[in-house]
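1. Please work out how this folds:
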Amino acid sequence: MKFQIEREQLLGPLSTVVGVVERRQTLPILANVLLHLEDRTLTLTGTDLEVEISIETETLEGDNGQCTVTARKLLDICRALPETATVEFTSEANKARLRSSHSRFILQALPAQDFPRLETESWEERLKLPQTTIRALFNRTAFSMAQQDVRYFLNGVLLELDENTITAVATDGHRLARSRATVEGNIGDPRQVIVPRKAVLELGRFLSEGSDDVTIELNPNHLRLNRPGGVLTSKLIDGKFPDYKAVMAQVLNQKILVNRHQLHEVLARTAVLTNEKYRGIRLELEKGLLKVTAHNPDQEEASDEIAVDYQGDTIEIGFNVTYLMDALRALPTDQVEVELQDANTGCMLHKPDDDDTLYLIMPMRL
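-> So this is what the prediction gives:
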């Protein structure tokens, strides 16, 4: 195998693929990236046996073939080269040689035939939608995923397909995020799949900023996303996601309308003096005014207030300030509507007159 490529042509795809490669591996070859060259199209593939990413790029010239080399070392070499560098890559037996101007590198190579690939069955469901749509769904929900929860089905994002709607839902048991979008055509039978946390995080790097469509393919055990020049394949989490619709069906009669940016700033200032572990703040709501207070074990205190559009009863309620700020950052609006009831029920945040994206946050005792 031999090829010549511009450093920038190699660096972008390599950075995307390396993200899926774990630093500590049980199999040495899982630390490698698979390079496959055919008709001047170079395909780079990385995997951790749960998620697999393949990215294509064009070479200047080359001889067909394939090999595997250490992913992070190859990335570090490319980053260290000048931006305008041209890289000459040659592999033979168990060695790979890189050359760029006066720089020379020799890397250990492992046989390409030993590189593990995700074995996938035939694909049953296919739908096509803009990359911006699927990126927005995950960006607006992923931060609410659980992390290493024993309830393994919470360590990911639920994708629900129903008629002409795709919905993303994430929860860690203390907060819940739901965002949905309409797709062209009829999706077919309702279906739910849980995309694992690792795949959700890698999607941010995998999906480009362009308006090209991405094709979503499903089978009982895998999800695959195809975009121009790239494929991401992931195993699915086998489990039953909580009934999020029942959780969100709370009766919340008290409504607040407030500027999202100003509320975020008030919360950020007050959060400085919260308990570092529990991050609790108290909201005191009365007609036209919201007061935010925080205390910590060092007997320090912070308070701030903001004018709001509210005409209901006086309410005092505690929340994790991080959860509130995460939801406010994710909402694509200047004004935000907050629905409350009392100190024992959660609050719902969403764009006024639009419930496509909703955030439910449970209260905490202070």
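
2. For this protein, which helix or strand comes out least confident on mean pLDDT?
-> strand 125-130 (a mean of 86; mean pLDDT, DSSP states H and E).

3. neighbouring strands for it, and are they parallel or not?
-> Neighbouring strands of strand 125-130 in its sheet, by DSSP bridges, are strand 213-218 (antiparallel).

4. in the stretch 101-250 of the chain, which spans are strands?
-> Along the stretch 101-250 of the chain, counting by DSSP state E, counting those that start in this stretch, strands occupy 103-110, 125-130, 156-162, 165-171, 175-182, 191-196, 213-218, 222-227, 230-235.

5. Which one, of those, ends up nearest to Asp313?
-> With respect to Asp313, and counting by Cβ to Cβ, the nearest of these is strand 175-182 at 24.6 Å. No exception for glycine: its C-beta is placed from N, CA and C like everyone else's.

6. which helices and strands sit right next to that closest one?
-> Under the contact criterion of 3 or more Cβ pairs under 8 Å, 6 or more residues apart in numbering; DSSP states H and E, strand 175-182 touches helix 131-139, strand 165-171, helix 244-248, helix 321-330, strand 354-361.

7. now those in JSON lines, with mean neighbour count, distance to Lys291 and mean pLDDT?
-> Formatted as JSON lines, the helices and strands packed on strand 175-182 follow (neighbours: other Cβ atoms under 10 Å; distance: least, Cβ to Cβ, whole Å; pLDDT from 0 to 100):
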{"stretch": "helix 131-139", "mean neighbour count": "19", "distance to Lys291": "31", "mean pLDDT": "93"}
{"stretch": "strand 165-171", "mean neighbour count": "22", "distance to Lys291": "29", "mean pLDDT": "96"}
{"stretch": "helix 244-248", "mean neighbour count": "14", "distance to Lys291": "27", "mean pLDDT": "93"}
{"stretch": "helix 321-330", "mean neighbour count": "20", "distance to Lys291": "14", "mean pLDDT": "97"}
{"stretch": "strand 354-361", "mean neighbour count": "20", "distance to Lys291": "18", "mean pLDDT": "95"}
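
8. nearest to Ser101, of the ones you listed?
-> Here helix 131-139 is closest among the helices and strands packed on strand 175-182 (Cβ to Cβ), at 36.4 Å.

9. distance of the residue lying farthest from the centre of the chain from Leu81?
-> For the chain, the residue at maximal distance from the C-alpha centroid (Cα atoms, centre = their mean) is His102, at 40.1 Å. To Leu81, His102 is 11 Å away according to Cβ to Cβ, to the nearest Å.

10. Out of the strands of the stretch 101-250 of the chain, which is closest to Leu273?
-> strand 175-182 (22.1 Å).

11. The closest one pairs with which strands?
-> Sheet partners by DSSP bridges: for strand 175-182, these are strand 165-171 (antiparallel), strand 354-361 (antiparallel).

12. Of the ones you listed, which is nearest Met348?
-> Once the strands paired with strand 175-182 are compared by Cβ to Cβ, strand 354-361 is nearest, at 5.4 Å.
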